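Student: attaching a predicted model along with its sequence, questions to come.
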Number of protein chains: 2
Amino acid sequence: RRLHYIREPSRIYEESFRLVREATDLSRFPEEAHDLVIRMVHACGMPEIAESLVVSEGAIAAGRAALEAGAPIITDAEMVSHGIIVSGLKQQNKIVCRLNDPRTRRIAEREATTRSAAQVDLWTDVMEGAIVAIGNAPTALFRLIERIEEGAPRPALILALPVGFVGAAESKAELLRDDRGVPFVTLPGRLGGSALAAAAVNALASGLGE
Amino acid sequence: RRLHYIREPSRIYEESFRLVREATDLSRFPEEAHDLVIRMVHACGMPEIAESLVVSEGAIAAGRAALEAGAPIITDAEMVSHGIIVSGLKQQNKIVCRLNDPRTRRIAEREATTRSAAQVDLWTDVMEGAIVAIGNAPTALFRLIERIEEGAPRPALILALPVGFVGAAESKAELLRDDRGVPFVTLPGRLGGSALAAAAVNALASGLGE
């Protein structure tokens, strides 16, 4: 017995994005941000994130230009890296995650901090003009803001989407209070996650296509 | 300048789980399911999932026993695989994802279905007694149910957490309507995701520890 459900990938995508559009209020966003909002809502199943999502002025253009220029994509977690659709990266942009770099553990121990934050100190050589996608750890976002204040190379765009009960709301509030001149996308409060961060990258890379 | 935030990993975990407990109504669940619910709420930042999460009778014991017996963990997406804390797997349980297996694409093309569903036909040799963690694709859950009906080897536990607008609610409803005798954990409706699926595995493997 075969169950009744839509099997064809193209029909699933089409129908999904149609339902997301129907359920989501896009009116707060400029046209250029619509694909990003749609892909993020699609990734989490929650149209209501569009009510609080913040896309800073110029963030979409900055992200697209960085990808087209071949900039690397830096992530705070392997889950984010593995959510990025590689075939959508026209410039074969490098995806960098240094959470499991052996140096990261040493820095974390020395600084009594998380590995998520410690890895940020190893981003310096790839951070200039990069897209930073944070989908897990508030401490990574806090540390990134500190590094930018310290004069580290500036990313082109921060996708600031850490999740959880300790530090997620606070780290995103700190970015909203003062973005230090770096364009960003963020979702205030506890919600976030690697699926949202990867969806944002995928939208910048290939809109609603693959 | 250093920003003010909690840096120590153990304090972050402790404080997170404390806040989750405070915000989450666990009274619907048996004691043995609490760690799983707490880890899942922690992963998504939403205490309200505890209102609709379904843990079938015996699901926790079945999942723990399977892991202790060294059963493999089968996932529908690389994001799920990469969210599993490997150090928590005391029996070095194998993590299997066949989404990117070259055979999967061929099956998908032949059957006019998604790669997510097609890979399920390649699970047969590892499915007996396994933990299946579906955190992305509704079509994978639908196909799994079909395969169990066709007499394929039975998993010990299904973590049924596909997400989205097309098929997610429907596939989980089909499992809830008739579980075909396999224990399960599911979240009815559109919500789900790889972080939730991985968190469920992590809770079964190591409770609230690492």
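Tutor: Thanks, I have it. Residues are numbered from 1 along each chain as shown, chains lettered A, B, ... in the order given.
Student: okay, CA-based contacts and neighbour counts for the rest of this
Tutor: Noted.
Student: grab the longest helix from chain A for me.
Tutor: For chain A, the helix with the greatest residue count under DSSP state H is helix A:9-23.
Student: residues in contact with that one: which ones?
Tutor: A:6, A:38-39, A:41-42, A:47, B:113-114, B:164-166 (Cα atoms under 8 Å, 6 or more residues apart in numbering or on different chains).
Student: mind checking how far it is from the chain centre?
Tutor: Distance, stretch centre to chain centre, for helix A:9-23: 22 Å (Cα atoms, centre = their mean, to the nearest Å).
Student: surely A:C97 meets A:P72?
Tutor: No. Assessed by Cα atoms under 8 Å, A:C97 is found out of contact with A:P72, at 10.5 Å.
Student: next secondary structure element downstream of the helix or strand hosting A:S171?
Tutor: Per DSSP states H and E: A:S171 is located in helix A:168-177. Later in the chain than helix A:168-177, the nearest helix or strand by DSSP H and E is strand A:184-186.
Student: sorry, back to before: send me the helix holding A:S171 as PDB with only the CA atoms.
Tutor: Taking Å, rounded to 0.1, in the frame of the first residue of the first chain, the C-alpha atoms of helix A:168-177 are listed here in PDB:
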ATOM      1  CA  ALA A 168      20.600  34.300  22.900                       C
ATOM      2  CA  ALA A 169      18.300  37.300  23.500                       C
ATOM      3  CA  GLU A 170      21.100  39.300  25.100                       C
ATOM      4  CA  SER A 171      23.700  38.800  22.400                       C
ATOM      5  CA  LYS A 172      21.200  39.800  19.700                       C
ATOM      6  CA  ALA A 173      20.000  42.800  21.700                       C
ATOM      7  CA  GLU A 174      23.700  43.900  21.900                       C
ATOM      8  CA  LEU A 175      24.000  43.700  18.100                       C
ATOM      9  CA  LEU A 176      20.700  45.600  17.700                       C
ATOM     10  CA  ARG A 177      21.900  48.300  20.200                       C
END
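Student: in that helix, what's buried?
Tutor: For helix A:168-177, a neighbour-count test (16 or more other Cα atoms under 10 Å in any protein chain shown) marks A:168-173, A:175-176 as buried.
Student: which stretches of chain A form strands?
Tutor: Assigned by DSSP state E, the strands in chain A fall at A:54-55, A:73-75, A:95-96, A:131-134, A:157-160, A:184-186.
Student: pull the most distant pair out of the contacts of helix A:9-23.
Tutor: The distance between the two most remote of the contacts of helix A:9-23 (Cα to Cα) is 26.6 Å, for A:P47 and B:T113.
Student: per-residue confidence for the nearest residue to A:V163 once chain neighbours are set aside?
Tutor: Using Cα to Cα, 6 or more residues apart in numbering or on different chains and skipping residues adjacent in sequence, the residue nearest A:V163 is A:G192, 4.4 Å away. We note a pLDDT of 98 for A:G192 in this prediction.
Student: tally up the residues packed near A:G192, please.
Tutor: 28 (other Cα atoms under 10 Å in any protein chain shown).
Student: right, and it touches A:P162 too?
Tutor: Yes. At 5.2 Å, A:G192 and A:P162 qualify as touching, with contact defined as Cα under 8 Å.
Student: now for these two: what residues contact both?
Tutor: In contact with both A:G192 and A:P162: A:135-136, using Cα under 8 Å, 6+ apart.
Student: can you tell me how far A:R177 is from A:E170?
Tutor: 10 Å (Cα to Cα, to the nearest Å).
Student: excluding chain neighbours, what is closest to the residue nearest the centre of chain A?
Tutor: Nearest residue to the geometric centre of chain A (Cα atoms, centre = their mean): A:A197, 3.0 Å. Of all residues not flanking A:A197 in the chain, A:G135 sits nearest, at 5.1 Å (Cα to Cα, 6+ apart).
Student: I figured the one you found was touching A:A200, is that so?
Tutor: No. A:G135 is beyond contact range of A:A200, at 10.2 Å (criterion: Cα under 8 Å).
Student: mind listing the shared neighbours of these two?
Tutor: A:L159.
Student: I'd say A:E78 and B:H82 touch.
Tutor: Yes. With contact defined as Cα under 8 Å, A:E78 reaches B:H82; the gap is 6.1 Å.
Student: show me what contacts A:I6?
Tutor: A:12, B:139, B:167.
Student: distance check, it against B:A140.
Tutor: 12 Å.
Student: excluding chain neighbours, what is closest to A:I38?
Tutor: Distance criterion Cα to Cα, 6+ apart; nearest residue to A:I38, sequence neighbours excluded, is A:V20 at 6.3 Å.
Student: right, I'll call it a day here.
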